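A.B. asks: 3D, please:
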Amino acid sequence: MSSSLDMAITILRVLIGALMFGHGAQKLFGWFGGPGMAGVSGMMSQLGFRPARFWGWMLALIEVLGGLSLIFGFLTPIGAAALLADMIVAAVKVHAPKGIWNMGGGVEYNLVLIASLLVIGLTGPTYFSVDRFVNVVSWSATNMFFGALALSLFGIFVAFLTTTQPAASQRQTTQPR
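C.D. replies: Numbering: from 1, shown residues only. Prediction:
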């Protein structure tokens, strides 16, 4: 990989990692004006996820740990795959019903994140990453990404399988993720 491409992917990885960490910290710790776990469990219940508390914890931990994975470039393909699954769920359950454009709470931003996470997951370790210096798994980055993505997609399947349809009054009060 050329040094300029390596630097560009590193910048993208760290920026998205920091944003996803912050997004998850809002949920997990109530930082940055976030709702904390009580609010997240309520949101998950409104979205129809059962058990809501379990899925709220999964959501918050994926965003915090996946964000840290990208920030440090450690197990990057796994972090990227988990966050990609998180964004697919957010896109389908929260944003897609509101259309494409973010101004109306639509799916636009989720699609940008999904595309970016695909690039990060498929690129492999950059020079500025823990993955480059610590060979934890003997798989290639691409194989690790697709393996983690398959597991993440199975998680999405289970999440949607355990989801009930929220009442119309609840759907209107659900805040965007």
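
A.B. asks: Next one: the spatially most central residue of the chain from residue 4, what distance?
C.D. replies: Nearest to the geometric centre of the chain sits residue 83, at 2.5 Å (Cα atoms, centre = their mean). Going from residue 83 to residue 4 by Cβ to Cβ, to the nearest Å gives 25 Å. Using the backbone N, CA and C atoms, a C-beta is placed for each residue, glycine as well.

A.B. asks: what does residue 164 give?
C.D. replies: 49 Å.

A.B. asks: can you give me the helices in this protein?
C.D. replies: With DSSP state H as the criterion, the chain has helices at 3-28, 36-46, 52-72, 76-90, 108-123, 130-133, 141-161, 168-173.

A.B. asks: okay, now the closest residue in space to residue 63 that isn't next to it in sequence: neighbour count?
C.D. replies: Distance criterion Cβ to Cβ, 6 or more residues apart in numbering; nearest residue to residue 63, sequence neighbours excluded, is residue 24 at 2.7 Å. The number of residues packed around residue 24, counting by other Cβ atoms under 10 Å, is 25.

A.B. asks: pretty sure residue 24 contacts residue 57?
C.D. replies: No. Here residue 24 does not reach residue 57: they are 10.9 Å apart, not a contact under Cβ atoms under 8 Å.

A.B. asks: what's the neighbour count on residue 80?
C.D. replies: Neighbours of residue 80 (other Cβ under 10 Å): 30.

A.B. asks: residue ranges with poor pLDDT in this protein?
C.D. replies: Along the chain, the parts satisfying pLDDT under 70 run over 137, 166-177.

A.B. asks: let's see 50
C.D. replies: 169-170 (pLDDT under 50).

A.B. asks: can you pull the contacts of the residue nearest to residue 129 when sequence neighbours are not counted?
C.D. replies: Using Cβ to Cβ, 6+ apart and skipping the chain neighbours, the partner closest in space to residue 129 is residue 73 (2.4 Å). Going by Cβ atoms under 8 Å, 6 or more residues apart in numbering, residue 73 touches 10, 13, 125-126, 128-132.
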